[in-house]
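> predicted model and sequence follow; I will ask about them next.
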Amino acid sequence: MDIVTRISEALQRGDQDTVASLTAEALEHDLEPRMILDDGLIAGMDVIGERFRIHEIFLPEVLLAARAMYAGLDQIEPLLAASGIPARGKVVIGTVQGDLHDIGKNLVGIMLRGAGFEVIDLGNDVSPEAFVTAARENEARIIGMSALLTTTMPVMGETVERLEREGLRDEIHAIVGGAPVSEDFASQIGAVAYGFDGLSAVEIVKRLV
Amino acid sequence: MRPLLRFLDEELIERIISEARDVLRTLGMEIHNQQALELLADHGATIDPGSFHARFTDEIIDLALASAPSGFRLYDAGGRETHDLSGENVHFTPGSAAINVLDHETGSMRKPVTGDYVRYARLMCALDNIASQSTAIVPTDVPDEVTDSYRLFLSLLFCPKPVVTGAFTIESFELMKDLQVVVRGSEEALKEKPLTIFSVCPTAPLKWSEVTSQNLLDCAEYSIPVEYISMPLTGFISPVTIVGTLVQHTAETLSGVVLTQLKNPGAPALWGGSPAAFDVRYETTPMGAAETLLIDCAASEIGKRLGLPTQAYSALSDAKLLDAQAGLETSMGATLSVLAGINNVSGPGMLDFESCQSLEKLVLDNEICGFALRLARGIEPRDDFPAVPIFEELLRDGHLLISDHTLAHLRDEHYFPSSTIDRANRSRWQEEGSLTLGERAHREVELKVAEWEPGGIGETEQTELVRLMEAAVRRYGLEELPERE
């Protein structure tokens, strides 16, 4: 079995020590960082994601695999950055202004990090301005907004309008989620997508970046 | 702590047993079986040959109770132990001998054929919370005289789980025993590792037919376990009260214990039954009635007081479809049964007063059984004390999703049902097709049946089973066995 496949399999077992040592070994043998990333780490996480979707494994196993992925990614990322290749997408997330409910948003953050994305979590009670500023400053292409209260849902629309006003709507995608939010609401306010749980958020972000 | 439910106090149990003994001494049982009557006479019972009545003595009852085992084990076709029928251990088995199946495609009931049985047996291999199969369906494409043995034949061919079954005639027993001997290799090995339980049913009130009493004696001779299925119906062929019905159930079942133990001391048996609260409005025998379940649980308490393992027909429904009533009655029965510690609980899959099996209901009931078995495991501390360290970890990391404590105990502490039970949020449920319970259960049936792989018994044994069964159907005019694929 080649080393990249072994990295993928160790990752799927959640074995972070093996992923770390195999990644180091692969780099010593001059394997392309991009190849280790795509065919080892990301390939392994794709298997994990699918097994999670069909309930073969559960959230804890996904997160263990994600932790193992970082054991490899931390070594590869500086090399990719040096050669100007963006390693992974960035996502700004937060619970919208007036809303303090952050359990769903936190779960989305955990899942996105697990899938290899860099997450800038603005916490709760986040204003449209704060979302847009953070996205612009971090060069994030996605803003993920969460709301539990129907009264705070309009803030999602205001954030989309702000992106529009600043001429950023083509560059930065607004996505939404939360108990009262729906597909219909997302399209009404001009959000790009609606995610109904952590897994669907990951699938949407993968599609968009 | 193993949670346990009790409906009878000690004093009442003693009184019911004592009244049942009085019934057996004073009125006796009507037993249409020469061998049984002789056996009882030899041990001091008073026999009236003209009316087939046997009046029992306290001595033979005590003798029988002294030799009856307090438990026994079952083994699958490969010889692996699957059941410890003792103490408060609970195992589920599908409701047996349905004369109809509920066809998912048409939504109607119809007469079953071989193909239905094969699908059933394949499905049973995959339902983890139902520890044994039963000969649940009576196929109509073989001669009536062999339907009992034919069910056992198909079960042994397609699923390694032990089988709860029964013979419809005296003659069938021989073949049904021989089929088991093929799987085990010898009568001795079968005795060593029982593969089946035979239901033997007294006839209410206070009677044994020739067929069922002979089946009982034949099983005892080969140490094949039986379950006595007394079937009193309140207010009709037993007293209208629960206590009065329990007296009758105890008398009828005790008479079975005596017959088994006189024939072969130490032979294994379950103190079982299928009593019902007769519905005087519809003239029916509701298996899902509250009073039926009270009788089931209380009868098990009496059996345990006598030191015997128990059985009941208590996890099934009288609904005609896979509807809310089907779920309600089966869940109530399964839950009470595990909390009562009934050792072998019959019923899953069954609808319509024990007459109709549904594969989709079987899949749902497998989840109900899983839920109930989880309740039986109760609550116990799992590295929970001292409590401060885990909360320090929670406050530090913000969640416990990958905590060692979570990883160590997640799967022991929680029962995860299949996707038949809808736990998705609304959007995911919609995305997956907004499926109803019936549709989800059907999807699971198709998946499990398709995933089935042969296992259990070897090719030589399969060939021998086919040879025996073929010879049997030929005796009744059928040249070839029906197609099994």
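Thanks, I have the structure now.

> quick one: name the residues of chain A near chain B.
Proximity of chain A to chain B (CB under 8 Å from any CB of the partner chain) is limited to residues A:55, A:58-60, A:63-64, A:67, A:106, A:110, A:182-183, A:194, A:196-197, A:200. Every residue, glycine included, has its C-beta placed from N, CA and C.

> hmm, which of the residues you listed is lowest in pLDDT?
In terms of pLDDT, residue A:110 ranks lowest among these, with 85.

> residues in contact with it?
Taking CB atoms under 8 Å, 6 or more residues apart in numbering or on different chains as the criterion, residue A:110 is in contact with A:63, A:198, B:399, B:401.

> quick check, it in a strand?
No: looking at residue A:110 with DSSP: H, G, I helix; E, B strand; the rest coil, it is helix, so not inside a strand.

> how far away is it from residue B:418?
Distance, residue A:110 to residue B:418, by CB to CB, to the nearest Å: 26 Å.

> what's the answer for residue B:191, then?
The separation that residue B:191 has from residue B:418, given CB to CB, amounts to 37 Å.

> counting by contacts, list what the longest helix seen in chain A packs against.
Longest helix in chain A, counting residues (DSSP state H): helix A:59-82. Applying 3 or more CB pairs under 8 Å, 6 or more residues apart in numbering or on different chains; DSSP states H and E, we find helix A:59-82 packed against helix A:3-12, helix A:16-28, helix A:33-35, helix A:43-53, helix A:103-114, helix B:404-413.

> may I see the buried residues of that helix?
For helix A:59-82, the neighbour count (16 or more other CB atoms under 10 Å in any protein chain shown) marks A:59-73, A:75-77, A:79-80 as buried.

> check stretch B:402-422 too.
Buried residues in stretch B:402-422 (16+ other CB under 10 Å): B:402-403, B:406, B:410, B:417-421.

> what's the closest of those residues to chain A?
Minimum distance to chain A across the buried residues of stretch B:402-422 is 4.7 Å, recorded for residue B:402 (CB to the nearest CB).

> A strand includes that closest one, no?
No: per three-state DSSP, residue B:402 lies outside any strand segment and is coil.

> for chain A, see how far away residue B:219 is.
Going from residue B:219 to chain A by CB to the nearest CB, to the nearest Å gives 43 Å.

> tell me the residues on chain B that lie near chain A, please.
Within chain B, the positions near chain A by CB under 8 Å from any CB are B:398-399, B:401-402, B:406-407, B:410, B:416, B:419, B:425-428, B:431.

> and these as CSV, adding pLDDT?
Formatted as CSV, the residues of chain B next to chain A follow (pLDDT from 0 to 100):
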residue, pLDDT
B:398, 87
B:399, 89
B:401, 92
B:402, 91
B:406, 96
B:407, 95
B:410, 95
B:416, 95
B:419, 92
B:425, 88
B:426, 89
B:427, 88
B:428, 89
B:431, 89
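
> name the nearest of those relative to residue B:36.
Proximity of the residues of chain B next to chain A to residue B:36 (CB to CB) peaks at residue B:416, which lies at 49.3 Å.

> out of the residues of chain B next to chain A, the closest to chain A would be?
Nearest member of the residues of chain B next to chain A to chain A, counting by CB to the nearest CB, is residue B:427, at 3.2 Å.

> just give me the neighbour total for the closest one.
17 (other CB atoms under 10 Å in any protein chain shown).

> assign it to helix, strand or coil.
helix.

> between the longest helix of chain A and helix A:103-114, how many degrees?
Relative orientation of helix A:59-82 versus helix A:103-114 (axes from the mean of the first three to the mean of the last three CA atoms, to 10 degrees): 50 degrees.

> does residue A:45 really touch residue A:116, like I thought?
Yes: between residue A:45 and residue A:116 a contact is recorded at 6.3 Å, counting by CB atoms under 8 Å.

> ok, the two, which is more surrounded?
More crowded of residue A:45 and residue A:116, by other CB under 10 Å: residue A:45, with 22 against 19.

> list the residues that contact that one.
By CB under 8 Å, 6+ apart, the neighbours of residue A:45 are A:11, A:65-66, A:69, A:114-116.

> closest to chain B out of those residues?
Checking the contacts of residue A:45 one by one against chain B (CB to the nearest CB), the nearest turns out to be residue A:66, at 8.9 Å.

> what sits against that closest one?
Residue A:66 neighbours (CB under 8 Å, 6+ apart): A:45, A:48, A:113-116.

> try 6 Å this time
If a contact means CB atoms under 6 Å, 6 or more residues apart in numbering or on different chains, then residue A:66 has residue A:114 as its contacts.

> how close does it sit to residue A:73?
10 Å.

> before we move on, what about residue A:99?
In terms of CB to CB, residue A:99 sits 32 Å off from residue A:73.

> repeat for residue B:321
53 Å.

> and residue A:53, by the same measure?
22 Å.

> give me the number of residues near the closest residue to residue B:276 other than its chain neighbours?
Counting by CB to CB, 6 or more residues apart in numbering or on different chains, residue B:285 is the residue found nearest to residue B:276 once chain neighbours are left out, at 4.0 Å. Neighbour count of residue B:285, defined by other CB under 10 Å: 20.

> can I assume residue B:285 is in contact with residue B:277?
No: taking contacts as CB atoms under 6 Å, residue B:285 lies outside contact range of residue B:277: 8.1 Å.

> quick one: contacts for the residue positioned nearest the centre of chain A?
Nearest residue to the geometric centre of chain A (CA atoms, centre = their mean): residue A:112, 2.9 Å. Shown in contact with residue A:112 (CB under 6 Å, 6+ apart): A:91, A:119.

> again, only this time at 8 Å
Residue A:112 neighbours (CB under 8 Å, 6+ apart): A:91, A:93, A:119, A:144, A:198, A:201-202, A:205.

> and what of residue B:425?
Residue B:425 makes contacts with A:196-197, as judged by CB under 8 Å, 6+ apart.

> try it again with 10 Å
Applying CB atoms under 10 Å, 6 or more residues apart in numbering or on different chains to residue B:425 gives the contacts A:179, A:196-197, A:200, B:431.

> will you turn these into CSV that also has neighbour count, distance to residue B:231 and secondary structure?
Shown next, in CSV, are these (neighbours: other CB atoms under 10 Å in any protein chain shown; distance: CB to CB, whole Å; DSSP: H, G, I helix; E, B strand; the rest coil):
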residue, neighbour count, distance to residue B:231, secondary structure
A:179, 15, 51, coil
A:196, 22, 51, coil
A:197, 17, 50, coil
A:200, 21, 53, helix
B:431, 13, 48, helix
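
> what sits in contact with each of residue A:66 and residue A:73?
Here residue A:66 and residue A:73 share the contacting residues residue A:116, scored by CB under 10 Å, 6+ apart.

> do you know how far the residue nearest to residue A:57 when sequence neighbours are not counted is from residue A:59?
Closest residue to residue A:57 apart from its sequence neighbours, by CB to CB, 6+ apart: residue A:51 at 4.8 Å. Distance from residue A:51 to residue A:59, counting by CB to CB: 12 Å.
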